[in-house]
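K.L.:
here's a sequence, model it:
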Amino acid sequence: MSEPVDSNLLACYLSDECSAEERAQVEDALAADPALRRKVGQLRTVWHASPVCEQTTDLDGQWHQIAQRTGIGQSPADQGPLDRHIAPLFSAIRRYAAVAVFLIACFATYHGISSIYTASERVTLQKQNGEHTQHTLSDGTMVWLDAGSTLRYPDGFTDDTRIVSLSGEAYFSVASDSSKLFLVQAEYGQITVTGTAFNVRAWPNEKKTIVAVAEGQVVLTAKGDASSAVSINPGHSSSVAVNSSPSTPRPTDVLRHTAWMQRKAYFDNVPLSDILSQLERWYNVQCTLDNASVAQERLTIQLDAHSLDNALHLVTKLTDLQYERVGDHITLTSERTP
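P.N.:
Purely as a prediction, here's the structure:
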């Protein structure tokens with residue numbers, strides 16, 4: 001069983017000011033406490049990524065703002081179990097001057113979508129199945145959003161980091177601003193850039209995030225693990241899944257990743273269920289398989305979304321399925337025994 005770690009020791013650890021023995025004690029505690037490990041990983045992730053951490057400013061003013069935004073200053077009765085553990089840590093870190101205060105500022109930034117912006121300051125752009133669109137953010141960044149996707153962002157980027165969150169698929173052409181990082185938060189990873197163009201695929205049912213870069217350079221990091229960061233150059237892609245680090249970037253055909261913008265899709269050895277989910281989003285229909293085991297059958301296929309019937313015909317041609325379409329409901333049947 002690991003020794004308990006007080007907030008002062010954690011502050012020393014985050015500021016790289018502890019001895020080898022103290023570091024070992026903290027790392028034992030982190031290994032035994034997944035929730036604390038995630039929090040500390042988030043702190044470190046944004047500390048290494050954000051230029052705000054390299055600046056100096058009014059420390060007391062910064063601390064007051066951070067405390068208000070994150071609720072660190074609230075009474076113990078109003079705090080959750082993890083917050084009661086983390087709040088003393090922040091108080092201790094404050095005593096380590098500018099470097100530590102900005103570590104906290106970066107943590108608040110990482111929490112941006114849920115902590116920094118109030119509900120009235122946030123915008124949710126949600127595209128229904130059957131439609132996709134192009135939208136320009138307040139900083140000039142252009143975003144193409146696929147059908148069924150959701151993008152959340154502030155109505156104005158007033159902080160030192162531009163943060164958006166994505167569920168679904170989108171292509172970003174980020175307005176260049178070297179003083180303000182642009183962060184895309186997805187289910188299993190975080191994408192950090194200053195100004196570039198890239199595609200992010202982050203559908204919840206697929207349980208991974210895929211990033212393909214068209215221009216510039218992108219850093220992909222598993223949530224809560226700064227050491228997992230990989231740099232992705234133009235013409236390369238990487239992916240990250242739950243409880244894993246990003247894959248080694250490899251050359252890719254970026255046009256295939258962005259084909260959805262022209263209502264096309266390339267699937268390479270993917271489950272049938274993922275293909276049907278794409279058709280549901282594109283055409284605003286519901287697909288049902290009478291044999292659940294068929295859902296995991298893997299296919300390599302290219303689809304053109306201009307015709308649902310053509311797409312279904314191609315899918316059934318590659319399997320032993322037949323389909324029946326009644327209104328917006330499609331039933332796929334198989335002669336296999338479930």
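
K.L.:
I'd like to know which helix or strand in the protein has the lowest mean pLDDT.
P.N.:
Using mean pLDDT, DSSP states H and E, helix 112-115 stands out as the lowest-scoring helix or strand of the chain, at a mean of 39.

K.L.:
just the strands in the stretch 101-250 of the chain please.
P.N.:
With strands called from DSSP state E, counting those that start in this stretch, the stretch 101-250 of the chain shows them at 122-126, 133-136, 142-145, 150-154, 161-173, 181-185, 189-193, 197-202, 208-215, 218-222, 230-232, 236-241, 250-251.

K.L.:
what helices or strands is the very next helix or strand once past the shortest one leaning on?
P.N.:
So that's strand 250-251. Counting by DSSP states H and E, the next helix or strand C-terminal to strand 250-251 is helix 254-257. Other helices and strands packing on helix 254-257, by 3 or more CB pairs under 8 Å, 6 or more residues apart in numbering; DSSP states H and E, are strand 197-202, strand 208-215. Where C-beta positions appear, they are placed from N, C-alpha and C, glycine not excepted.

K.L.:
of those, which approaches residue 160 most closely?
P.N.:
With CB to CB, the closest approach to residue 160 among these belongs to strand 197-202: 21.4 Å.

K.L.:
which positions within that closest one qualify as buried?
P.N.:
Across strand 197-202, burial judged by 16 or more other CB atoms under 10 Å covers 197-202.

K.L.:
so where is the stretch 101-250 of the chain shaky, pLDDT-wise?
P.N.:
Residue ranges of the stretch 101-250 of the chain with pLDDT under 70: 101-122, 126-131.

K.L.:
residues making contact with stretch 272-291?
P.N.:
Identification of contacts with stretch 272-291 by CB atoms under 8 Å, 6 or more residues apart in numbering yields 128-130, 146-148, 203, 205-206, 263, 265, 267, 294-299, 301, 303, 305, 308, 311-312, 315, 319, 321, 328-334, 336, 338.

K.L.:
ok, of these, which come out buried?
P.N.:
Among those, those classed as buried by 16+ other CB under 10 Å are 129, 146-148, 203, 206, 265, 267, 294, 297, 299, 301, 303, 305, 308, 311-312, 315, 321, 330, 332-334.

K.L.:
which of the residues you listed fall in helices?
P.N.:
When DSSP state H defines the helices, the subset of those inside them is 308, 311-312, 315.

K.L.:
list just the nearest of those residues to residue 255.
P.N.:
residue 311 (19.5 Å).

K.L.:
once you drop chain neighbours, what's closest to that closest one?
P.N.:
Once flanking residues are discounted, residue 311 sits nearest to residue 303: 4.9 Å by CB to CB, 6 or more residues apart in numbering.

K.L.:
again with residue 192
P.N.:
residue 219 (4.4 Å).

K.L.:
could you give the bridge partners of the one you found?
P.N.:
Taking DSSP bridges as the rule, residue 219 bridges to residue 192, residue 231.

K.L.:
residue contacts, it?
P.N.:
Residue 219 neighbours (CB under 8 Å, 6+ apart): 49, 191-193, 229-232.

K.L.:
same check on residue 174?
P.N.:
Shown in contact with residue 174 (CB under 8 Å, 6+ apart): 141, 182, 193-197, 216.

K.L.:
among these, name the buried ones.
P.N.:
Among the contacts of residue 174, those buried by neighbour count (16+ other CB under 10 Å) are 141, 182, 193-197, 216.
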